[in-house]
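>>> this one's sequence-less:
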């Protein structure tokens with residue numbers, strides 16, 4: 001019965017499944033090519049970054065769908081596996097000897113009794129030193145995002161404005177309907193900001209944290225002039241998960257901007 005069901009599924013469902021996977025792979029591949037053209041033709045850095053992220057996302061999706069389609073096709077061609085259980089019944093088995101039975105009855109695990117002093121030593125070893133100092137430190141820039149050496153020193157008046165989060169931005173890099181509470185899911189989140197007294201050649205880094213853990217970031221030399229508007233965007237492949245996301249912007253190893261945004265579908269729907 002199981003073999004017949006496997007044959008029916010292979011002959012009916014598999015072709016439709018493979019066709020659907022190939023169609024989706026072609027669609028994502030088309031978007032990948034379009035994103036590649038936008039990345040090559042766009043004259044603006046932030047637009048090129050956005051196109052590059054789309055290229056990576058849809059390129060990975062295309063590869064996954066193609067591999068999944070190939071795996072499904074290969075699996076459907078395999079012969080069904082006979083999973084009938086084989087059971088051998090020993091009708092002439094001899095009963096165990098009395099010596100063996102007595103051995104297992106008498107072989108009980110020995111009880112371990114700890115002295116009071118031994119228990120105190122174990123507790124002291126597992127407990128932290130009561131005299132140890134707890135040093136409270138702020139966020140630090142991970143070493144992998146601090147690889148570029150600055151060519152220009154940080155100015156006294158160098159500053160980054162407040163980070164504003166939104167799912168859309170204008171042509172002037174201004175946030176549309178900014179907020180700090182969004183629903184979970186798949187979309188692009190923008191963080192717009194204004195900068196003053198920057199200089200080409202400074203080293204700047206940006207990194208995203210989810211509930212304190214770093215999930216995205218980069219480090220490069222600044223090449224966008226002394227002042228103006230800018231933005232950073234993030235669209236994780238796994239989608240935005242429940243919790244708090246934090247964006248940090250560092251210049252020459254100093255954090256100049258930090259802001260949090262919360263992902264909570266229920267709270268966002270309630271308008272809190």
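Great, that's in hand. The shown structure was predicted, so the numbers you read here are calculated from the model rather than taken from an experiment.

>>> contacts for stretch 21-30, please.
Residues outside stretch 21-30 that contact it (Cβ atoms under 8 Å, 6 or more residues apart in numbering) are 58-59, 61-62, 65-66, 68-69, 72. (C-beta placed from N, C-alpha, C; glycine too.)

>>> only the buried residues of that stretch, if you could.
Neighbour-count burial for stretch 21-30 flags 21-22, 24-25, 28-29 (criterion: 16 or more other Cβ atoms under 10 Å).

>>> what's the answer for stretch 153-162, then?
Those would be 154, 158, 160, for stretch 153-162 by 16+ other Cβ under 10 Å.

>>> name the SS class of the first one, please.
The local conformation at residue 154, judged by DSSP: H, G, I helix; E, B strand; the rest coil, is coil.

>>> repeat that for residue 255.
At residue 255, secondary structure determined by three-state DSSP is strand.

>>> of the contacts of stretch 21-30, which belong to strands?
In strands, judged by DSSP state E, none of these are found.

>>> circling back to that earlier point, is it possible to export the buried residues of stretch 153-162 to JSON lines including distance to residue 195?
Output for those, formatted as JSON lines (distance: Cβ to Cβ, whole Å):
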{"residue": "154", "distance to residue 195": "12"}
{"residue": "158", "distance to residue 195": "8"}
{"residue": "160", "distance to residue 195": "5"}
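
>>> picking that back up, separate out the buried members of the contacts of stretch 21-30.
58-59, 61-62, 65-66, 68-69, 72.

>>> nearest to residue 172, of the buried residues of stretch 153-162?
Proximity of those to residue 172 (Cβ to Cβ) peaks at residue 160, which lies at 17.3 Å.

>>> just name the closest of the buried ones among the contacts of stretch 21-30 to residue 175, please.
Closest approach to residue 175 among the buried ones among the contacts of stretch 21-30 (Cβ to Cβ): residue 58, at 25.5 Å.

>>> which one of the buried residues of stretch 153-162 is nearest to residue 34?
Nearest to residue 34 among the buried residues of stretch 153-162 is residue 160, at 32.7 Å by Cβ to Cβ.

>>> from memory the closest one sits against residue 247, does it?
No: the pair residue 160 / residue 247 is not scored as a contact, 11.1 Å apart, by Cβ atoms under 8 Å.

>>> just to revisit the earlier point, of the contacts of stretch 21-30, closest to residue 145?
Looking at these and their distance to residue 145, the nearest is residue 59, at 23.7 Å (Cβ to Cβ).

>>> tell me who's in contact with the closest one.
By Cβ under 8 Å, 6+ apart, the contact list for residue 59 reads 28, 32.

>>> same check, this time on residue 244
Here residue 244 is in contact with 210-211, 260-263 (Cβ under 8 Å, 6+ apart).

>>> secondary structure class for it?
Per three-state DSSP, residue 244 ends up strand.

>>> what of residue 195?
strand.

>>> helices of the stretch 1-150 of the chain, start to end?
Taking DSSP state H, counting those that start in this stretch as the test, the helices found in the stretch 1-150 of the chain are 2-41, 45-77, 98-106, 116-126.

>>> least confident of those helices, on average?
Here the lowest mean pLDDT among the helices of the stretch 1-150 of the chain goes to helix 116-126, at a mean of 59.
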